[in-house]
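J.: this one's sequence-less:
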Ligand code: SAM
């Protein structure tokens, strides 16, 4: 296993990770619902006291039912509303189905592929997190149980939008934070396409964010970094690292349809724009990357 540092003591799960040394996020749990090892990672699912069910991979919190909407709405709607007409979309990772659930609200999409390395994450999410995994029910969704890094080799010039909803750069997600992967992402985009990737925390993971953004800068003319507030991620924030082949990223290019408005709890036109307004230290970090 890539990481086994977490522990449960007196009914509290503590996320202890070498990527954020010296701090731990603790969540009170009531019951362990799943604890199993897939060929790729340790998968745990807990019933928590106040955050609903919580999915943990290799000791790292992936989502809680209470705040998953923030991450999934932003991971899907920021890139999909930035694109004027996203018809062919790929999600890499995202085995819980939350990003798919939000992406499927876009009627423009004709093909919605997901490439998740670990089929057990999908199965467990379908069984225990039906309100998140309902994304898999959309008829446009096509599931590929593969390594996203290899899948891209076979799909040049294919997608309008690629969303990398990956776990952290330890374990099976490691290669998804490297330049060769970003070169493949660029090749897999159609002209005018864009990519949006889980971009870690600008407070906690400055070295990773800086490295990731420098890769995106070296390959994409248009790039930007957005910030999302999610209480159950380390430090309470996580970023999206975006690069495009010419499309503007920092504002929506389409109006949010009325039918979609009623489902949204985080994303709005104002939040899309505001997510790119970064504190001075973050702006400097990205400029110097
Ligand atoms: N945003 C979440 C987070 O970082 O907390 C990510 C959630 S989602 C569950 C991450 C998924 O990425 C996992 O299900 C994992 O199996 C998948 N994944 C990791 N490496 C992958 C790879 N190389 N190809 C495809 N999927 C991968």
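T.: Now that the structure is in, tell me what you want to look at. Owing to the predicted nature of the structure, the values given are computational and were not obtained by experimental measurement. Residues are numbered from 1 along each chain as shown.
J.: Up against the ligand, what does this protein have?
T.: Within reach of the ligand by C-beta under 6 Å from any ligand atom, the chain has these residues: 57, 62, 71, 92-96, 115-118, 121, 147-149, 165-168, 172-173, 175-176, 198. Placement of C-beta: from N, CA and C, glycine included.
J.: Need the pLDDT of the spatially most central residue of the chain.
T.: Centre of the chain computed as the mean C-alpha position; nearest residue by C-alpha atoms, centre = their mean is residue 165, 3.0 Å away. The model reports residue 165 with a pLDDT of 98.
J.: Roughly how far does it sit from residue 46?
T.: According to C-beta to C-beta, to the nearest Å, residue 165 stands 21 Å off from residue 46.
J.: one step back: right, and the residue nearest to the centre of the chain touches residue 102 too?
T.: No: between residue 165 and residue 102 there is no contact under C-beta atoms under 8 Å: 10.4 Å.
J.: Spell out which residues are contacts of both of the two.
T.: In terms of C-beta atoms under 8 Å, 6 or more residues apart in numbering, residue 165 and residue 102 are both contacted by the residues residue 75.
J.: that older thread, if the residue nearest to the centre of the chain is in a bridge, with which residues?
T.: Using DSSP bridges, the beta-bridge partners of residue 165 come out as residue 93.
J.: Just give the closest residue to residue 191, not the sequence neighbours.
T.: residue 245 (6.1 Å; C-beta to C-beta, 6 or more residues apart in numbering).
J.: Any idea how many residues pack against that neighbour?
T.: 16 (other C-beta atoms under 10 Å).
J.: now, which of the residues of the chain next to the ligand lie within helices?
T.: 71, 121, 148, 149 (DSSP state H).
J.: Now for the third one, how many residues are close by?
T.: Spelled out, it's residue 148. Neighbours around residue 148, by other C-beta under 10 Å: 27.
J.: Next one: it, what pLDDT does it get?
T.: Reported pLDDT for residue 148: 97.
J.: any idea how far residue 49 is from the residue nearest to residue 232 when sequence neighbours are not counted?
T.: Once flanking residues are discounted, residue 232 sits nearest to residue 64: 4.6 Å by C-beta to C-beta, 6+ apart. Going from residue 64 to residue 49 by C-beta to C-beta gives 11 Å.
J.: Out of the two, name the residue with the larger neighbour count.
T.: Regarding residue 64 and residue 49, a neighbour count based on other C-beta under 10 Å identifies residue 64 as having more, with 21 against 13.
J.: May I have the beta-bridge partners of the more buried one?
T.: residue 54.
J.: how about residue 39, what does it touch?
T.: Residues near residue 39 by C-beta under 8 Å, 6+ apart: residue 118.
J.: what's the distance between it and the ligand?
T.: Counting by C-beta to the nearest ligand atom, to the nearest Å, the gap from residue 39 to the ligand is 11 Å.
J.: Give me the phi and psi angles of that residue.
T.: phi -60, psi -10 (degrees, to the nearest 10).
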